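J.: Generate coordinates for the sequence data below:
(one chain, ligands or ions: 1)
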Amino acid sequence: MDQTRAIWIKDPLAILADGAERGIVVRQGRIVELVPKGGQPATSAACFESGGHVVLPGLINTHHHFYQTLTRALPAALDRELFPWLQALYPVWARLTPENLELGVTVAMSELLLSGCTMTTDHHYVFPAGLEDAVDIEAAVTKRLGMRALLTRGSMNRSQRDGGLPPESVVQDEDAILTDSERVVAKYHQRGEEAMVQIALAPCSPFSVTTSLMKATAALADQLDVRLHTHLAETEDENEFCQQIHGCRPLDYIEHCGWLNARSWLAHGIHFNAAEMKRLGRAKTTISHCACSNQILASGCCPVCDMEEAGVGIGLGVDGSASNDGSNLMQEVRAAFLLQRARYGVGRVSHKDALRWATKGSAACVGRAELGEIAVGKIADLALFKLDELRFSGHGDPLAALVLCGAHRADRVMVGGKWVVLDGAIPGLDVSDLIRRHSAAARAMQYG
Ligand code: ZN
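T.: Residues are numbered from 1 along each chain as shown. Predicted coordinates for the structure are as follows:
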């Protein structure tokens with residue numbers, strides 16, 4: 001199909017939009033028309049018959065660590081909570097090379113795309129010697145796959161020597177981190193609504209970064225006008241660490257560092273009290289809820305409905321593939337739905353809430369109001385699912401079926417008006433070859 005012509009995605013089985021029963025028209029990367037029941041498009045367009053498809057806004061992943069696809073289900077890290085889990089994995093991650101990072105990133109992004117994700121973030125914070133070009137490697141893979149991404153220049157500079165959790169082998173010094181942060185923003189950060197690659201700055205966590213670096217990073221993000229990201233309020237261990245080292249709770253600490261504002265989105269946000277949620281809401285700081293990771297590491301349950309009532313925006317994240325251990329965002333929608341419904345009950349959490357978190361909610365986390373919604377003028381990032389597998393047989397409501405029957409694979413994915421997944425596959429990607437090379441790299445890294 002000529003990808004420059006207008007396309008009418010015609011007569012979908014269902015669509016997550018009001019007044020678009022006969023579909024939508026996409027032209028030059030934007031949604032230009034919603035076609036209501038009984039209507040016809042005003043624009044001349046090629047038809048894409050979508051009678052077998054459920055059409056969603058492209059899902060947006062707000063938290064991940066792509067390199068961790070190389071350490072999924074690692075025996076040494078099984079059945080541990082966050083701190084001992086990290087301590088088991090740091091020495092393995094210290095062996096990360098440019099070649100295996102490239103494979104890890106390709107696997108993570110391919111999994112995401114095939115699950116209906118059109119934009120992802122990545123939080124890369126491990127920079128052992130020789131891996132100074134990590135963000136450059138990620139940017140190259142992003143471009144090759146045609147995905148939209150907000151790559152973060154992560155960092156760790158508080159090693160065990162300075163009372164932190166990570167070993168010396170995976171940290172860098174503050175000057176090197178800030179200099180490289182400026183470099184990657186200048187080189188890769190695109191501005192404007194059509195941006196495909198953007199950069200944010202992302203010190204890893206209160207227990208692996210110094211106060212000086214937290215403050216300097218916030219100042220640099222202000223100066224460069226880019227977003228800020230970190231892990232926060234993930235575990236009780238982190239609360240204790242903050243009390244001991246900083247004499248306050250995690251939210252007080254990041255406020256002291258200049259982070260409590262609309263520029264920041266935080267991964268997890270499990271252990272905030274009611275007053276802290278109100279402060280987050282007033283500051284317009286958003287939360288990336290990572291339901292699978294939180295359950296596997298038994299970190300707790302993010303109080304999503306209380307957060308929303310306090311005015312805090314919620315997005316979804318698959319988190320690293322060593323704490324999920326997959327990168328399937330559609331499955332994450334189901335996980336978030338189940339976890340939050342169990343917590344709050346049937347009256348407060350529906351499948352539509354979970355889909356909203358993964359689309360419009362996630363778009364707010366990454367600062368992209370032009371994404372995450374099917375409406376005129378929005379960017380044409382879309383995920384189309386078929387309901388022709390055994391798991392869907394006999395379904396009623398198609399949108400509910402996606403979440404309740406466990407959709408896990410998109411049939412088609414569009415990014416900025418271009419198809420990047422066709423018939424459940426990424427054109428040009430040899431998946432068997434990728435699995436073979438990625439598995440070999442993972443084995444080499446795990447067994448050193
Ligand atoms: Zn994480």
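J.: residues contacting the residue nearest to residue 177 when sequence neighbours are not counted?
T.: Of all residues not flanking residue 177 in the chain, residue 155 sits nearest, at 4.3 Å (CB to CB, 6 or more residues apart in numbering). No exception for glycine: its C-beta is placed from N, CA and C like everyone else's. Residue 155 sits next to 125, 127, 172, 177, 181, 201, 202, 203, 204, 209, 213, 217 when contact means CB atoms under 8 Å, 6 or more residues apart in numbering.
J.: what's the neighbour count on the third one?
T.: So that's residue 172. Around residue 172 there are 20 other residues, counting by other CB atoms under 10 Å.
J.: buried ones in stretch 28-42?
T.: 29, 30, 31, 32, 33, 34, 35, 41 (16 or more other CB atoms under 10 Å).
J.: Kindly check the end-to-end length of it for me.
T.: Separation of the first and last residues of stretch 28-42 by CA to CA, to the nearest Å is 16 Å.
J.: What mean pLDDT does that stretch get?
T.: Mean pLDDT, stretch 28-42: 97.
J.: Which residue ranges make up the domains of the protein?
T.: 6-57+378-421, 59-365 (automatic domain parsing).
J.: what about the last one, start to end distance?
T.: Between the opening and closing residues of domain 59-365 there is a gap of 13 Å (CA to CA).
J.: Over to stretch 325-332?
T.: End to end - CA to CA - stretch 325-332 spans 11 Å.
J.: Quick one: residues in contact with that stretch.
T.: Outside stretch 325-332, the residues touching it (CB under 8 Å, 6+ apart) are 59, 61, 64, 69, 72-73, 107-108, 111-112, 115-117, 290-292, 296, 316-318, 321, 324, 358, 383, 385, 402, 406-410.
J.: Buried subset of those as a ChimeraX selection?
T.: Selection of buried members from the contacts of stretch 325-332 for ChimeraX, criterion 16+ other CB under 10 Å:
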select :59,61,64,69,72,107,108,111,112,115,116,117,290,291,292,296,316,317,318,321,324,358,383,385,402,407,408,409,410
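J.: ok, the residue nearest to residue 177 to residue 63 distance?
T.: For residue 155, the distance to residue 63 (CB to CB, to the nearest Å) stands at 16 Å.
J.: Just the contacts of stretch 325-332: which are in strands?
T.: 59, 61, 117, 316, 383, 385 (DSSP state E).
J.: Closest one of those to residue 6?
T.: Among the ones in strands among the contacts of stretch 325-332, residue 383 lies closest to residue 6 (CB to CB), at 19.8 Å.
J.: Any idea what the closest one is bridged to?
T.: Going by DSSP bridges, residue 383 is paired in beta bridges with residue 56, residue 413.
J.: From what I see, it and residue 116 are in contact.
T.: Yes. Residue 383 is within contact range of residue 116, at 3.3 Å (criterion: CB atoms under 8 Å).
J.: Low-confidence regions, this protein specifically.
T.: Residue ranges of the chain with pLDDT under 70: 1-4.
J.: 50 - rerun?
T.: The model of the chain has no residue with pLDDT under 50.
J.: and for stretch 345-357, what are the contacting residues?
T.: 16, 56, 289, 304-305, 314-316, 333-334, 336-337, 340-341, 343, 399-400, 402-404.
J.: Pull stretch 80-94 out as CSV, backbone CA atoms only.
T.: Once non-C-alpha atoms are left out, stretch 80-94 reads as follows in CSV (Å, rounded to 0.1, in the frame of the first residue of the first chain):
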residue,chain,number,x,y,z
ARG,A,80,14.3,-12.4,45.9
GLU,A,81,13.0,-9.0,46.8
LEU,A,82,14.4,-5.8,45.1
PHE,A,83,17.6,-5.1,47.0
PRO,A,84,19.0,-8.7,47.0
TRP,A,85,17.6,-9.2,43.5
LEU,A,86,19.7,-6.2,42.3
GLN,A,87,22.8,-7.4,44.2
ALA,A,88,22.6,-10.7,42.4
LEU,A,89,22.2,-9.0,39.0
TYR,A,90,24.7,-6.1,39.1
PRO,A,91,27.8,-8.2,38.5
VAL,A,92,26.1,-9.9,35.5
TRP,A,93,25.1,-6.6,34.1
ALA,A,94,28.7,-5.3,34.5
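J.: So what touches that stretch?
T.: 67-68, 71, 74, 76-77, 126, 128, 165-167, 169-170, 207, 234-235, 237-238, 297-299, 322-323, 445-446, 448.
J.: can you tell me which of the residues you listed are in helices?
T.: Counting by DSSP state H, those place 237, 238, 445, 446 in helices.
J.: Quick check on those residues: which are buried?
T.: 238, 445.
J.: Count the neighbours of residue 421 for me.
T.: Residue 421, neighbours per other CB under 10 Å, totals 28.
J.: which residue packs closest to it, ignoring adjacent ones?
T.: In this structure, residue 421 finds its nearest non-sequential neighbour in residue 413, 3.7 Å apart by CB to CB, 6+ apart.
J.: For the one you found, give me its contacts.
T.: When contacts are counted by CB under 8 Å, 6+ apart, residue 413 touches 58, 113, 114, 116, 117, 118, 382, 383, 384, 419, 420, 421.
J.: Provide the backbone phi and psi angles at residue 411.
T.: Backbone torsions of residue 411, given as degrees, to the nearest 10, read phi -90, psi -40.
J.: would you list every one of the strands in the stretch 101-250 of the chain?
T.: 117-124, 148-155, 197-203, 228-232 (DSSP state E, counting those that start in this stretch).
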